[in-house]
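# coords please:
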Amino acid sequence: MTDPKDRLLDAALPHVPFDGWSPATFKAAMADSEMDPIVARAVCPRGAVDLAVAFHHRGDEKMLEALKAEDLSALRFRDRIARAVRLRLEVIEDKEAVRRGTTLFALPPYAPDGAKLVWGTCDKIWDALGDTSTDYNWYTKRATLSGVYSATVIFWLGDTSEGHEATWAFLDRRIDNVMQIEKIKAQVQKSPTLSKLFAGPNWVLSQIKAPTKFPKGDFPGSWTAPRD
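Next up is the predicted model:
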């Protein structure tokens with residue numbers, strides 16, 4: 001049986017280019033999917049906003065499936081990151097839905113949702129590529145990639161070049177910028193003088209730990225029924 005939210009999302013997408021992720025789109029989705037409004041509101045309490053979130057999550061899942069089918073072993077790590085970001089955009093079938101979503105999540109009430117979605121995408125990319133960092137680097141990697149990803153999406157939305165070649169060139173330049181920062185960080189760590197100079201800040205950073213990722217159903221506040 002199709003998930004109710006998936007049914008609503010599929011029904012909503014044809015309306016998004018015209019009405020955005022709006023109450024009108026949600027109402028049309030309920031009608032087209034012939035779903036009871038009570039059920040629809042139960043799975044999407046915020047209406048079309050929740051469908052926009054589901055649309056983004058669907059893109060993340062498609063990206064992960066595409067990444068699993070790729071052989072990235074011969075690529076440099078910076079190229080693996082670029083490839084993952086490119087795949088995330090290539091799996092999108094409805095560019096206008098993304099444009100409308102970008103507009104929605106730029107609004108103050110939904111900006112936290114937008115930031116969370118971008119961070120989640122970048123977290124999934126790093127996890128898929130085998131990131132094992134457990135210190136402050138866990139945060140800096142995802143924060144940096146979030147900036148690269150966000151800028152690339154905005155550029156991609158306005159890109160009319162064949163095959164989005166201009167976007168991929170833009171992405172490569174942003175990755176190169178990040179790698180330059182990483183080189184500077186490495187030089188600081190290797191320099192005895194600079195290491196002493198930054199001893200205090202480095203100690204503070206060393207106390208920062210990555211969040212623990214609990215298995216599904218095993219996290220604070222959750223409850224799992226006892227087994228017989």
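# which other residues reach stretch 142-161?
Identification of contacts with stretch 142-161 by CB atoms under 8 Å, 6 or more residues apart in numbering yields 81, 85, 88-89, 95, 98-99, 102, 115, 118-119, 121-123, 125-126, 164, 166-167, 170-171, 174-175, 178, 181. C-beta here means a position set from N, CA and C on the backbone, and glycine is covered the same way.
# and for stretch 86-99?
With CB under 8 Å, 6+ apart, stretch 86-99 has contacts from 13, 16-17, 55, 59-60, 62-63, 66-67, 70, 121, 125, 149, 152-153, 156-157, 164, 167-168, 171.
# any of these buried? List them.
13, 16, 55, 59-60, 62-63, 66-67, 121, 125, 149, 152-153, 156, 164, 167-168, 171 (16 or more other CB atoms under 10 Å).
# buried sites along whichever strand or helix holds F155?
Assigned by DSSP states H and E, F155 falls within helix 136-157. Neighbour counts using 16+ other CB under 10 Å place 136, 138-142, 144-146, 148-150, 152-153, 155-156 of helix 136-157 among the buried residues.
# which SS state does the residue nearest to the spatial centre of the chain fall under?
What sits nearest the mean C-alpha location of the chain, by CA atoms, centre = their mean, is T121, with 1.9 Å. The three-state label given to T121 by DSSP: H, G, I helix; E, B strand; the rest coil is helix.
# surely it and D60 touch.
Yes. Assessed by CB atoms under 8 Å, T121 is found in contact with D60 at 5.5 Å.
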